[in-house]
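Undergrad: Dropping a prediction and its sequence here:
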Amino acid sequence: MVCIGIGSQNPAKIKAVERLIALKQLDYTVESLSVPSGVSDQPMTDEETLAGAVNRAEAVLQQSDAVIGIGLEGGIMEIGNQVFVCNWGALADKMGRIYTAGGARIKLPDLLVTEIREGRELGVVIDDYTQKLNVRKKEGTVGILTKGLVTRDDMFFHVMKILYGQYQFYNGNADE
Ligand SMILES: O=P(O)(O)OP(=O)(O)OP(=O)(O)OC[C@H]1O[C@@H](n2cnc3c(O)ncnc32)[C@H](O)[C@@H]1O
Ligand SMILES: [Mg+2]
């Protein structure tokens, strides 16, 4: 069976891919691979976060037999003096095409921003703040800040729909 590869072992990201496959009833197996994002562990701009997603998607194709490589990346970005969590996704195919999609943004509380500016990763900071373990692998910061109304896999599932929808659009609705 053909394989779709996701460039992360993070369960929230893997779940988003699996939810897309279930929704579209696709005949893909899912392989999760640890690949380098090629950007910092804590991307600080949209540009860097998007680059991480694209690098991961391309690395998946190089490192596996997958016909589609997916990269999902979280980071932060600033508008004026407000700091938001941002999210980007990329889908790379065997034809060398790359599709990209942005995910939800949500403003970070100042307390968390201060700690990130001191050099700590959001994943660590949000665990401290909530007194929970591995928030980034579960509901995510977006899940915490929305009281579970939108979880990290919900958010990346939406990104996956935008990625796969474009892949279909530009490939003549391959599975319609
Ligand atoms: O194993 P990988 O795929 O790297 O998964 P990750 O949780 O580290 O996720 P990213 O590298 O995409 O995210 C970059 C940083 O931002 C953090 N981050 C981004 N979005 C987050 C969220 O919704 N909840 C918690 N941490 C988040 C994450 O923990 C990292 O410190
Ligand atoms: Mg990471």
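TA: Here it is on my side, so go on. Ligands and ions are numbered 1, 2, ... in the order given.

Undergrad: C-alpha only now, for contacts and for neighbours.
TA: Fine.

Undergrad: Show me which residues of this protein sit near ligand 1.
TA: 8-10, 41-42, 73-75, 121-123, 135-137, 140-142, 152 (CA under 6 Å from any ligand atom).

Undergrad: List the ones among those residues that fall in helices.
TA: If you go by DSSP state H, the residues of the chain next to ligand 1 have 122-123, 140-142, 152 in helices.

Undergrad: Can you pull up the most central residue in the chain?
TA: By CA atoms, centre = their mean, the chain has its centre lying nearest to residue 72, at 2.5 Å.

Undergrad: Pull up the per-residue confidence for the spatially closest residue to that one that is not a sequence neighbour.
TA: Distances taken as CA to CA, 6 or more residues apart in numbering put residue 89 closest to residue 72, at 4.4 Å, once the chain neighbours are dropped. For residue 89, the pLDDT comes out at 98.

Undergrad: chain center to the helix or strand residue 89 falls within: distance?
TA: Taking DSSP states H and E as the criterion, residue 89 maps to strand 82-93. Put simply, strand 82-93 sits 6 Å off its chain's centre (CA atoms, centre = their mean, to the nearest Å).

Undergrad: helices or strands next to it in the packing?
TA: In this structure, strand 82-93 packs against helix 46-63, strand 68-79, strand 98-102, strand 106-107, helix 152-170, with contacts taken as 3 or more CA pairs under 8 Å, 6 or more residues apart in numbering; DSSP states H and E.

Undergrad: okay, those in a markdown table with mean pLDDT and distance to residue 117 next?
TA: Conversion of those to a markdown table gives the following (pLDDT from 0 to 100; distance: least, CA to CA, whole Å):
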| stretch | mean pLDDT | distance to residue 117 |
| --- | --- | --- |
| helix 46-63 | 98 | 16 |
| strand 68-79 | 98 | 11 |
| strand 98-102 | 98 | 23 |
| strand 106-107 | 98 | 15 |
| helix 152-170 | 97 | 22 |
